[in-house]
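Visitor: The following comprises the amino acid sequence and a computationally predicted model.
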Amino acid sequence: MGERPGATPTAPERLAEFLRPRSVALVGATDRSMWSYYTFQNLRAFSPDVPVHCVHPRHDQVHGQPVHRSLRAIGGPVDLAYVMVPTDQVVPVLEEAADVGIRNAVVLTAGFAEAGPDGRALEADMVALARERDMLLLGPNGNGFINAADRVAPYGLPIVPPLQAGPLGIVLQSGGLASVVLHMANSRNVGVSRLVATGNEAMVTATDVFAYLVRDDATRAVAAFLESIRDPERFRQLAREALEANKAVVVMKVGRSAAGQQAALAHTGAVVGDVAVARAALRQLGVVQVDSLEDLLVTAGLLAHEPRPLGRRLAAVTASGGACDIIADRATDEGLELPEFPPATTRRLTEVLPAFSNPRNPLDVTGYVVVDATISSRALEAVVDHAEGTYDTILYQATVPQSTPLDPALVLTRFQRLRAIVDRSPVPVVIQSASSTDVSPYGRTVMDEVGLYLLNGIEHGMTAIGRAVDWHERRRRLLARPAPSAAAPADSPRPWPTTEAEVRRLLQAGGVPVVPVRLAASTDEAVAAAVELGFPAVLKVASPDVLHKSDVGGVALDLRTPDDIAAAYARVTGSVARALPEARLEGVLVSPQRAGGVELLVSVRRDRTWGPVLAVGLGGVWVEALRDVSLRLLPVTVDDVVEALGELRGAALLGGARGRPAVSLRRVADVAVAIAGVAEGLGPALDTLEVNPLWAAAEEVEVLDALVTWQDRGD
């Protein structure tokens, strides 16, 4: 998703012009439409200096002002046409707009691609016209945008004032949620730079808006509500650009596809679905993920308003023992540490707090705060003064009045003192409310005047702190790690490899260690192969028509004598012939049996959105039972795979258990990277290349079994 050439209609600099109209025409304005009414009211309330021209062919007056019969009749420059006419009139209106020099349009009207083939054709005609006439379209089937930084809001649903400007940019693939999200942002003290609802994305996509926000000086973090990512490669590049710009991207990804749940020929298909891939992809790209609108706003708000990196060592100062308990539990949930106070801090707190207090982290300054309102800030000072080297983040719970108090000056002085403490703290101080109630207009006034941000509530607040800490750590790792090199593009080999023996040869050619194996077409050949390779031996049926051999009795283990081999040959081939009478039998594969060690799954599956995806996890018979896999988009580095292995629930097994030697994670990762390279080299027809199991014991790593399936075959 790299930078597009400047001539591209949706380039960031072009969107910057689009989002700052100096005059707006409401085409199809009518008192009968609430969309028209709300859009007019929003523009008048928040953009009083922006001329608004109402256009309708049959009305003389709309919303209390004279109406122009056409765009041409306005007779002056118009920067943005906000189009609300019936579906079949949209294209003629856009033609007229182009004729009079209007280069930007929001199309609120529905009935396009979302309505079926006829609507898709009409939408294509609309986009073709716009491209031909150098116009930029937002929508259709979208309510518009809100530019709080420049105070202009051509948006078709009600906006509750105030329009609070701030550092968070928002992009939504949902028109109806925009006013809800904006209200939530205001009530949670989150300032917004721009908010864009993309509608059908006929021209301007969420990724285009993302590109603009990453480069927008008024935006320090981005929040996105996404149903789909239409240009994943461009998104990948922009996510990297956001990391380099130190701008966090927080995403709530919705929608679950059944595409990843098709009948699986490889084990991978049963454990790697679309949702899992999307979550893994976003995490790998350094994107923060949340599962609710509340967390989207609170987490993104913290990352936008707090420029300094947060760290895992947390000190907390509250006025409630119960709040301390909740914070301690939630800190554990988020992987945060609560170190003890250093002796100097404890001594200071003993002087500040009443004798019945217990100066420990998290700190309850006790209900004595009702008697002495300064005790809380003095306790915070004690923690701040000795925080360096002990804590990375300080959490301070504050109560902001809901209504104007009898002595506003006293409240203002208290928060000015708090601001002074925050400014001299060697680590970030996050100010949090105890509950997630809305911040009142008076409370917002106080916080804005002293320049402080209030994190909303313990539950969502602790989630935000945990996500922020994780983002800062991940950002450092991702920026320090060299970018992996993709394998050279290649056409899929013909004929397509299908048998295990063919897949083994592919892997060996790619530098992947494979357990020795011999193909035997008779009992005598099988015995000879076992004698050559050594006992105990493993025998598996060889057939291009049998993928999961153990399911049809096609595997025999722990064969220790020639007689065992002979009996197993008859048993295995007979079982497969009975289960799959039409299967082509080429004989059996004989290999030495590996004892001890750990069996892993390493596979690559081509996701329809993100392309090839590497899965690593516990293998053998445990794949589908445990579903313990970690995913990475290709290409990957050895460090990427080592990190993925460390994320497994069964990672402790790799560290050695019950006297077994620890597995070399870097050696496993080396082999996994080689397997990934082979998969990439198989080209776009590959569906899945699966190694299961990959056997690992200390530094020894070998492929014991492998299969491949193709996208455009019936396999």
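Guide: Great, that's in hand. Residues are numbered from 1 along each chain as shown.
Visitor: Give the next helix or strand downstream of the worst-scoring helix or strand of the chain on mean pLDDT.
Guide: For the chain, counting by mean pLDDT, DSSP states H and E, helix 267-271 ranks last in confidence among helices and strands (a mean of 43). As assigned by DSSP states H and E, the chain's next helix or strand after helix 267-271 is helix 274-284.
Visitor: taking the mean pLDDT, what do you get for the next helix or strand after that following helix?
Guide: Counting by DSSP H and E, the element after helix 274-284 in chain order, helix or strand, is strand 288-289. Throughout strand 288-289, pLDDT has a mean value of 98.
Visitor: Strand 288-289 pairs with which strands, parallel or anti?
Guide: On the basis of DSSP bridges, the sheet neighbours of strand 288-289 come out as strand 248-253 (parallel).
Visitor: avg pLDDT for the partner strand?
Guide: Per-region confidence: strand 248-253 scores 96 on mean pLDDT.
Visitor: next one: stretch 326-343
Guide: Regarding stretch 326-343, the rounded mean pLDDT is 96.
Visitor: Please list the outside residues in contact with that stretch.
Guide: 312-316, 318, 349, 359-363, 383, 386, 390-391, 395, 458-459, 462-463, 465-466, 469-470 (C-beta atoms under 8 Å, 6 or more residues apart in numbering). C-beta coordinates here come from the backbone N, C-alpha and C atoms, glycine included.
Visitor: Narrow those to just the buried residues.
Guide: Neighbour counting over the contacts of stretch 326-343 (16 or more other C-beta atoms under 10 Å) leaves 312-316, 318, 349, 359, 361-363, 383, 386, 390-391, 395, 458, 462-463, 465-466, 469-470 as the buried ones.
Visitor: Okay, and which of these map to helices?
Guide: Secondary structure assignment (DSSP state H) places 349, 383, 458, 462-463, 465-466, 469-470 from those within helices.
Visitor: Specify which member of those is nearest to residue 683.
Guide: Proximity to residue 683 was ranked across those by C-beta to C-beta; first place goes to residue 470, at 35.9 Å.
Visitor: Mark out where each domain of the protein begins and ends.
Guide: Domain assignment of the chain by automatic domain parsing yields the ranges 12-302, 308-479, 516-592, 598-710.
Visitor: Any idea which of the ones you listed gets closest to residue 508?
Guide: With C-beta to C-beta, the closest approach to residue 508 among the domains of the chain belongs to domain 598-710: 8.8 Å.
Visitor: show me where pLDDT drops low in this protein?
Guide: Across the chain, the ranges flagged by pLDDT under 70 are 1-9, 256-273, 486-495, 620-625, 657-659, 712-715.
Visitor: center of it, which residue is that?
Guide: Taking C-alpha atoms, centre = their mean as the criterion, residue 282 is the residue nearest the geometric centre of the chain, at 3.5 Å.
Visitor: thought that one was touching residue 289?
Guide: Yes. In this structure residue 282 lies within contact range of residue 289 using C-beta atoms under 8 Å: 5.5 Å.
Visitor: Overlap in contacts, the two.
Guide: Among the neighbours of residue 282, those also in contact with residue 289 (C-beta under 8 Å, 6+ apart) are 251, 253.
Visitor: just the helices in the stretch 51-200 of the chain please.
Guide: Counting by DSSP state H, counting those that start in this stretch, the stretch 51-200 of the chain forms helices over residues 90-99, 117-132, 177-187, given from the N-terminal end onward.
Visitor: buried residues in the longest one?
Guide: Same thing as helix 117-132. For helix 117-132, the buried set under the neighbour-count rule, 16+ other C-beta under 10 Å, comprises 119, 122-123, 126-127, 129-130.
Visitor: CA-only coordinates of that helix in CSV, if you can.
Guide: Output for helix 117-132, consisting of C-alpha atoms alone and laid out as CSV, is shown next (Å, rounded to 0.1, in the frame of the first residue of the first chain):
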residue,chain,number,x,y,z
PRO,A,117,-25.8,-6.1,-10.6
ASP,A,118,-27.7,-3.0,-11.9
GLY,A,119,-26.4,-1.0,-9.0
ARG,A,120,-22.9,-2.2,-9.5
ALA,A,121,-23.0,-1.2,-13.1
LEU,A,122,-24.4,2.3,-12.2
GLU,A,123,-21.6,2.7,-9.6
ALA,A,124,-19.0,1.8,-12.2
ASP,A,125,-20.4,4.4,-14.5
MET,A,126,-20.2,7.0,-11.7
VAL,A,127,-16.6,6.2,-11.0
ALA,A,128,-15.7,6.2,-14.7
LEU,A,129,-17.2,9.7,-15.0
ALA,A,130,-15.3,10.9,-11.9
ARG,A,131,-12.0,9.6,-13.2
GLU,A,132,-12.5,11.1,-16.6
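Visitor: can you give me how far that helix is from the chain middle?
Guide: Relative to the chain's own centre, helix 117-132 is displaced by 31 Å; criterion: C-alpha atoms, centre = their mean, to the nearest Å.
Visitor: Show residues contacting that helix.
Guide: 9, 87-88, 90-91, 94-95, 98, 105, 107, 111-113, 135-137, 140, 200, 202-203.
Visitor: I figured residue 176 was touching residue 143, is that so?
Guide: Yes. In this structure, residue 176 sits in contact with residue 143. The criterion is C-beta under 8 Å, and the distance is 7.3 Å.
Visitor: Of those two, which one has the most company?
Guide: Counting neighbours by other C-beta atoms under 10 Å for residue 176 and for residue 143 shows that residue 143 has the greater number, 26 against 12.
Visitor: hang on, that one packs against residue 154?
Guide: No. With contact defined as C-beta under 8 Å, residue 143 and residue 154 do not form a contacting pair (9.2 Å).
Visitor: Okay, now the sheet partners of the longest strand seen in the chain, with direction.
Guide: In terms of residue count, the longest strand belonging to the chain (DSSP state E) is strand 686-697. Partner strands and pairing direction for strand 686-697 (DSSP bridges) are strand 598-607 (antiparallel), strand 700-703 (antiparallel), strand 706-710 (antiparallel).
Visitor: mind listing what the residue nearest to residue 316 when sequence neighbours are not counted touches?
Guide: Closest residue to residue 316 in three dimensions, ignoring its sequence neighbours and counting by C-beta to C-beta, 6 or more residues apart in numbering: residue 362, at 3.7 Å. Going by C-beta under 8 Å, 6+ apart, residue 362 touches 315-318, 323-324, 327-328, 331, 338, 395.
Visitor: let's see it at 6 Å
Guide: Residues in contact with residue 362 (C-beta atoms under 6 Å, 6 or more residues apart in numbering) are 316, 324, 327-328.
Visitor: Just the CA trace of stretch 372-391, in CSV.
Guide: Provided in CSV are the C-alpha atoms of stretch 372-391 (Å, rounded to 0.1, in the frame of the first residue of the first chain):
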residue,chain,number,x,y,z
ASP,A,372,-7.4,16.5,53.2
ALA,A,373,-8.0,16.9,49.4
THR,A,374,-4.2,17.4,48.8
ILE,A,375,-3.2,14.0,50.1
SER,A,376,-3.7,12.3,46.8
SER,A,377,-1.5,14.7,44.8
ARG,A,378,1.1,14.7,47.5
ALA,A,379,1.2,10.9,47.4
LEU,A,380,1.6,11.1,43.6
GLU,A,381,4.5,13.5,44.1
ALA,A,382,6.2,10.9,46.4
VAL,A,383,5.9,8.2,43.8
VAL,A,384,7.0,10.5,40.9
ASP,A,385,10.1,11.7,42.8
HIS,A,386,11.6,8.2,42.9
ALA,A,387,10.0,6.7,39.9
GLU,A,388,13.0,6.7,37.6
GLY,A,389,14.5,3.2,37.3
THR,A,390,11.7,1.6,39.2
TYR,A,391,8.6,2.4,37.1
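Visitor: list the buried ones in it?
Guide: Residues 375-384, 386-387, 390-391 are the ones in stretch 372-391 that count as buried (16+ other C-beta under 10 Å).
Visitor: And stretch 284-295, by the same measure?
Guide: Using 16+ other C-beta under 10 Å as the burial criterion, the residues of stretch 284-295 that qualify are 284-290, 294-295.
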